[in-house]
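Participant: Mind folding the following:
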Amino acid sequence: MFHYYIGRQPIFDARLEVFGYELLYRSHDTEGVVNVDGDQATSQVLLNSFMEMGLDALVGDRKAFVNLTRRFILNHELIPEASDQLVLEILEDIDGDGEIVEAVRRLKDKGYLIALDDFVYRRSLRPLLELADIIKVELPALTREDLEAHVAALRHYPLQLLAEKVETHEEFDFCKSLGFDLYQGFFLCKPKTLKGRRAPTNRLNTMQMLAKLQDPDVEIPELEKIISRDITLSYKLLRYINSAAFALRNKIESIRHAIVYLGLREVKNWASLIALANIDDKPNELFVTALTRARMCELICEHTGIGNKGTAFIVGLFSTLEAIMDAPLDELLQSIPVVPEVPQALLHNEGPYADILHTTLAYERGQWDQVRLLLLPTTTTDIYMRAVKWSMQAAGVIRSADDELAA
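Facilitator: The predicted structure follows:
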């Protein structure tokens with residue numbers, strides 16, 4: 001039986017706001033990963049993105065980057081009419097012969113943005129350079145000297161430069177200094193190297209709040225007092241719990257009502273999530289990533305029956321804690337009295353939640369052959385899409401609360 005995985009990876013501008021997402025595809029059967037030809041991969045991405053899931057659920061109002069094979073370039077009627085959102089990536093093994101150039105020109109005339117993928121300069125690509133809107137340069141494929149030379153040469157063309165496979169903040173800063181416009185890679189989920197050891201005040205406050213919220217001995221009256229004391233936190237928590245994401249029949253009027261209705265662990269987790277969202281010098285996409293991981297871990301837990309879903313949620317949420325706080329994860333967890341299974345999974349890659357987190361991270365990165373929990377691919381894809389949709393909705397509600405508080 002034919003199954004598929006589909007995921008997405010964010011592409012950022014220089015301000016670390018999301019410009020778009022590259023849609024990723026891999027087929028899979030019960031025996032392991034199966035490589036299919038590029039035409040089938042492209043057709044599945046387009047079919048699943050537009051027919052099965054909906055482009056809104058995958059990318060919202062951002063751009064969607066999709067790889068195109070030669071066949072799809074030459075048969076443009078196979079490409080959905082969504083030129084305002086689609087960025088068509090021409091694969092690196094396609095040369096700019098006359099037939100291809102004419103087909104790309106037709107696509108560009110229809111309003112699609114054209115990107116050249118994994119670009120390394122060669123003479124046969126010059127005709128396509130004249131038509132391209134975005135050039136994707138893969139960092140590991142070039143030395144720093146070659147990278148500088150490519151940037152200098154490509155600046156003669158009216159296009160945007162995208163640095164691909166950016167893995168650290170140092171690489172991001174270097175590419176930014178060269179004048180790259182867009183960035184793709186996992187650097188956002190890794191901590192920056194801080195000068196000195198003192199964390200900003202808002203992060204210290206957040207750590208103190210997380211310690212109080214995650215204290216396993218905290219009782220309902222004390223938890224109510226902790227949350228209610230922080231007006232911003234209590235407002236956002238009630239605003240979120242009463243949103244469509246929870247679909248509650250009756251409105252939750254107070255923190256105590258929320259604790260009684262949802263349970264101690266549920267409220268502690270949501271309050272921790274919103275406390276992390278108060279870090280005001282981090283890109284919103286990092287918070288969305290934290291939400292997606294937390295929700296996917298929770299859903300995998302529900303589906304497999306492994307562990308406790310509240311703990312799974314915190315494991316997913318805290319997997320971004322190092323990047324949010326820009327401090328070593330072992331030091332951070334020492335100051336938060338979480339249950340032992342959390343550091344066991346996050347620091348030692350052991351215990352029942354380690355497999356859940358590893359599966360979540362492998363899917364996020366498109367490393368589907370490294371998925372540990374062998375669920376049906378369609379089940380894992382459904383869980384991932386539910387997590388993505390939920391995280392985008394949740395982030396939207398919390399942003400709306402921010403706007404109301406600022407007004």
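
Participant: what pLDDT, on average, does the helix or strand where residue 89 lies get?
Facilitator: Using DSSP states H and E, the element containing residue 89 is strand 86-90. Strand 86-90 shows a mean pLDDT of 91.

Participant: From the contact counts, what lies against it?
Facilitator: For strand 86-90, the packing partners by 3 or more Cβ pairs under 8 Å, 6 or more residues apart in numbering; DSSP states H and E come out as strand 63-68, strand 113-116. Yep, even glycine has a C-beta here, placed from its N, CA and C like the rest.

Participant: Give me the sheet partners of it and which way each runs.
Facilitator: Take DSSP bridges as the rule and strand 86-90 pairs in its sheet with strand 63-68 (parallel), strand 113-116 (parallel).

Participant: Look at residue 131 and give its secondary structure.
Facilitator: Classification of residue 131 by DSSP: H, G, I helix; E, B strand; the rest coil places it in coil.

Participant: picking that back up, of the strands paired with strand 86-90, which shows the lowest average pLDDT?
Facilitator: Comparing mean pLDDT across those, the weakest is strand 63-68, with a mean of 89.

Participant: Which among the helices and strands packed on strand 86-90 is found nearest to residue 265?
Facilitator: Proximity to residue 265 (Cβ to Cβ) singles out strand 63-68 among the helices and strands packed on strand 86-90, at 36.8 Å.

Participant: which helices and strands sit right next to the helix or strand following the closest one?
Facilitator: Using DSSP H and E, the helix or strand that directly follows strand 63-68 along the chain is helix 70-74. In terms of contacts (3+ Cβ pairs under 8 Å, 6+ apart), helix 70-74 is packed against helix 38-47, helix 98-109.

Participant: mean pLDDT for the ones you listed: which is lowest?
Facilitator: Averaging pLDDT over each of the helices and strands packed on helix 70-74 puts helix 38-47 lowest, since it has a mean of 58.

Participant: average pLDDT across whichever helix or strand comes after it?
Facilitator: Note on helix 38-47: by DSSP H and E, the next helix or strand toward the C-terminus is helix 55-59. The average of the pLDDT scores along helix 55-59 is 77.

Participant: Contacts for helix 55-59 next, please.
Facilitator: 8, 20-21, 23, 49, 64, 82, 85, 385, 388-389 (Cβ atoms under 8 Å, 6 or more residues apart in numbering).

Participant: Convert that helix to CSV, retaining C-alpha atoms only.
Facilitator: Extracted C-alpha coordinates of helix 55-59, given in CSV (Å, rounded to 0.1, in the frame of the first residue of the first chain):
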residue,chain,number,x,y,z
LEU,A,55,-2.7,25.2,1.6
ASP,A,56,-4.0,27.4,4.4
ALA,A,57,-3.5,24.6,6.9
LEU,A,58,0.1,24.1,5.8
VAL,A,59,1.4,27.7,5.3
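
Participant: Residue 133 against residue 113, yeah?
Facilitator: Yes. The pair residue 133 / residue 113 is scored as a contact, 4.5 Å apart, by Cβ atoms under 8 Å.

Participant: which of the two has more neighbours?
Facilitator: Ranked by neighbour count (other Cβ atoms under 10 Å), residue 133 and residue 113 place residue 113 first, with 21 against 16.

Participant: Would you confirm that that one contacts residue 135?
Facilitator: No. The criterion here is Cβ under 8 Å, and residue 113 misses it with residue 135 at 11.8 Å.

Participant: quick one, what contacts residue 344?
Facilitator: Going by Cβ under 8 Å, 6+ apart, residue 344 touches 350-351, 353-354.

Participant: quick one: what helix or strand has it in it?
Facilitator: helix 341-348.

Participant: Give me the helices and strands touching the helix or strand just after that helix, please.
Facilitator: Heading C-terminal from helix 341-348, the first helix or strand you meet, by DSSP H and E, is helix 352-364. Applying 3+ Cβ pairs under 8 Å, 6+ apart, we find helix 352-364 packed against strand 3-13, helix 284-304, helix 309-318, helix 341-348, helix 377-406.

Participant: same thing but at 7 Å, please
Facilitator: Packing contacts for helix 352-364, counted by 3 or more Cβ pairs under 7 Å, 6 or more residues apart in numbering; DSSP states H and E, involve helix 284-304, helix 309-318, helix 341-348.

Participant: In contact with the residue nearest to the spatial centre of the chain, which residues are there?
Facilitator: The centroid of the chain falls nearest to residue 289 when counting by Cα atoms, centre = their mean (4.4 Å). Contacts for residue 289 were tallied using Cβ atoms under 7 Å, 6 or more residues apart in numbering; they are 189, 320.

Participant: What does the pLDDT read for it?
Facilitator: Looking at residue 289, its pLDDT stands at 93.

Participant: With residue 198 instead?
Facilitator: Residue 198 carries a pLDDT value of 49.

Participant: again, but for the one 3 residues further on
Facilitator: For residue 201, the model assigns a pLDDT of 57.

Participant: Same question for residue 32.
Facilitator: Residue 32 carries a pLDDT value of 39.

Participant: buried residues in stretch 359-377?
Facilitator: By 16 or more other Cβ atoms under 10 Å, the buried positions in stretch 359-377 come out as 359-364, 366, 368, 371, 373, 377.

Participant: same thing with stretch 127-134?
Facilitator: Neighbour-count burial for stretch 127-134 flags 127-129, 131-134 (criterion: 16+ other Cβ under 10 Å).

Participant: Can you say which of the helices and strands packed on helix 352-364 is packed in most?
Facilitator: Among these, ranked by average contacts under mean count of other Cβ atoms under 10 Å, first place goes to helix 309-318 (a mean of 25).

Participant: How much space separates residue 355 from residue 361?
Facilitator: Per Cβ to Cβ, to the nearest Å, residue 355 is found 11 Å from residue 361.

Participant: Check residue 172 too.
Facilitator: Computed as Cβ to Cβ, the residue 172 to residue 361 distance reads 20 Å.

Participant: Likewise for residue 316?
Facilitator: Note on residue 316: its distance to residue 361, by Cβ to Cβ, is 9 Å.

Participant: do residue 19 as well
Facilitator: Shown here: residue 19 relative to residue 361, a distance of 23 Å by Cβ to Cβ.
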